[in-house]
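In: quick one, what's the 3D model for this:
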Amino acid sequence: MATLADDASPPWYRGLTRFQWTILLAAWLGWVFDVFDAAIFNFTKTSILKEMMGAEGYAASGPTVEGWIQGIFLFGWALGGLLFGILADRWGRTRTLVLTILVYSLFTGLTIFCREVWQIAAARFIVALGIGGEWAAGAALVAEVMPNRSRAAAAAILQSAAAFGPALAGVAQLFLRGMPWQYMYVVGVVPALICVLIRLAIKEPEPTAGNSPTHSVNPLRDLWASPTWRKRVLVAMVIGAVVVTGAGTASFWAPNLLESASKGLSKADVDARKSIGIMVSHIGTLIGVLLVPYLCEKFGRKRTIGAFFAATPIAVVAIASSGLDYGSLLLILPFINFFAIGISGALALYFPELFPTALRATGAGMAYNVGRVFSILMPIVTGFIISQSHSIGTGFLVSGSIYLVGLLALPFAPETKGKPLPTA
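Out: Here you go, the predicted model:
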């Protein structure tokens, strides 16, 4: 990606300081490893619930329970995005980032001590608090330290974590195939703690253009008091809810699809097929999140988001109507992820552009994470449909309807292409 601006501009990376590169690297690593921690449950949930519910209990209602745990996880993600976003605007981006990483890494590790389903749900809720807070603080921090010409490329790199995190979890699962599920949660602690060491070496950024030293005593109140910022956050929350619902559906149920296409094989072979399938699927994610910010710069944020909202249901229909054999899934899942998860590359660029410095982490956090509140019912409904119909493809088809809501909200969203970050 040589340039994301017009031909007269220098390459996006030219002139970036060591501090700016360090911020981008640290934010990227933090996001890689919290997506990694989120993906661990997707790989291990079947083993966990079969152990806790028994094979017959899982066969009767396993996907429904999975959906409820994911709904609780999404609520924690939303709440964490709100609370830690406010904290980041008041306490500082880098200190908040360190705290969020500690929260999600510690409770990922503590999951190994869970013996009941409700304990798993509680641990996932607290892990989600940290994950939601990390994105809010990290996206605001990267947006503020990067010059205008570099923000799209930086957003693409930051959101590429959505591909590398699950792929890294797939690698871990491949090495640990056939072993007890607890081993995956031990691995989930280590990389996040490495990120904390990197964060501790980063100072709070100095005020720059678009990053004024002003702070809000009550950023949540100020956000809702202004008609401009209130309208923006409401529309952005709808867009965020659609994106995270679609991306969450694709990533959460993909291991179930791969396992259903691997019946009769040993646990080690099923684990290996799930790992390979997930890694292959996120080739589509990586291409999507790197391409989408470029498309946003060329065609505008709204047009790009709208095109992906229109295309994703087509991909969903493709997977619902396919035979769901393993070979077909290796071809279809990257296509799904390109659209459903790839569009998240627009959010790391677009959402920080909607709000002024004093409200940026709060606004972006609400848009990206609180929007998850509206998506909580989707995994619950999808899980129930899968349990009743015994068809994961049918569950995917129902979830695709959410994109119609996003298309209805887009006309009310502002276009920020070519504009500097708002300061007040």
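
In: can you pull the contacts of Ala307?
Out: Contacts were defined as CB atoms under 8 Å, 6 or more residues apart in numbering; by that measure Ala307 touches Leu295. Yep, even glycine has a C-beta here, placed from its N, CA and C like the rest.

In: ok, now how distant is it from Leu158?
Out: Note on Ala307: its distance to Leu158, by CB to CB, to the nearest Å, is 21 Å.

In: next: Gly288.
Out: With the distance defined as CB to CB, Gly288 ends up 14 Å from Leu158.

In: likewise Ser275?
Out: Taking CB to CB as the measure, Ser275 falls 25 Å from Leu158.

In: do the same with Trp77
Out: Taking CB to CB as the measure, Trp77 and Leu158 are separated by 17 Å.

In: now do Gly400
Out: With distances taken as CB to CB, Gly400 is found 27 Å from Leu158.

In: these two: which has the busier surroundings?
Out: Under the criterion of other CB atoms under 10 Å, the comparison of Gly400 against Leu158 puts Leu158 first, with 27 against 20.

In: tell me who's in contact with the residue nearest to the more buried one when sequence neighbours are not counted.
Out: Using CB to CB, 6 or more residues apart in numbering and skipping residues adjacent in sequence, the residue nearest Leu158 is Ala348, 5.0 Å away. Ala348 makes contact with 139, 142, 155, 158-159, 293, according to CB under 8 Å, 6+ apart.

In: now the element after the helix or strand containing Ala348, going C-ward?
Out: Using DSSP states H and E, Ala348 falls within helix 344-353. Tracing the chain C-terminally past helix 344-353 and defining elements by DSSP H and E, one meets helix 360-369 next.

In: could you list the buried residues of stretch 413-424?
Out: Judged by neighbour count (16 or more other CB atoms under 10 Å), stretch 413-424 contains these buried residues: 413, 416-417, 421-422.

In: same list (those residues) but as TSV, adding distance to Ala261, secondary structure and pLDDT.
Out: Rendered in TSV, the data for the buried residues of stretch 413-424 read as follows (distance: CB to CB, whole Å; DSSP: H, G, I helix; E, B strand; the rest coil; pLDDT from 0 to 100):
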residue	distance to Ala261	secondary structure	pLDDT
Ala413	39	coil	94
Thr416	42	coil	93
Lys417	42	coil	91
Leu421	46	coil	80
Pro422	48	coil	84
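
In: looking at those, point me to the pair that's furthest apart.
Out: The largest distance within the buried residues of stretch 413-424, taken as CB to CB, falls between Ala413 and Leu421 and amounts to 16.7 Å.

In: measure the residue nearest to Pro191 when sequence neighbours are not counted to Ile86 for me?
Out: Ranked by CB to CB, 6+ apart and with sequence neighbours excluded, the top spatial neighbour of Pro191 is Phe33, at 4.5 Å. Computed as CB to CB, the Phe33 to Ile86 distance reads 23 Å.

In: more neighbours: which of those two?
Out: Between Phe33 and Ile86, Phe33 has the larger neighbour count (other CB under 10 Å), namely 29 against 23.

In: for the residue nearest to Arg360 when sequence neighbours are not counted, pull up the helix or strand it's in.
Out: Leaving out its chain neighbours, the residue that sits closest to Arg360 by CB to CB, 6+ apart is Ala140, at 4.6 Å. Using DSSP H and E, the element containing Ala140 is helix 117-145.

In: orientation of that helix relative to helix 344-353 in degrees?
Out: Taking axes from the mean of the first three to the mean of the last three CA atoms, to 10 degrees, one finds that helix 117-145 is oriented at 60 degrees with respect to helix 344-353.

In: distance from helix 117-145 to the middle of the chain?
Out: Chain-centre distance of helix 117-145: 10 Å, with CA atoms, centre = their mean, to the nearest Å.
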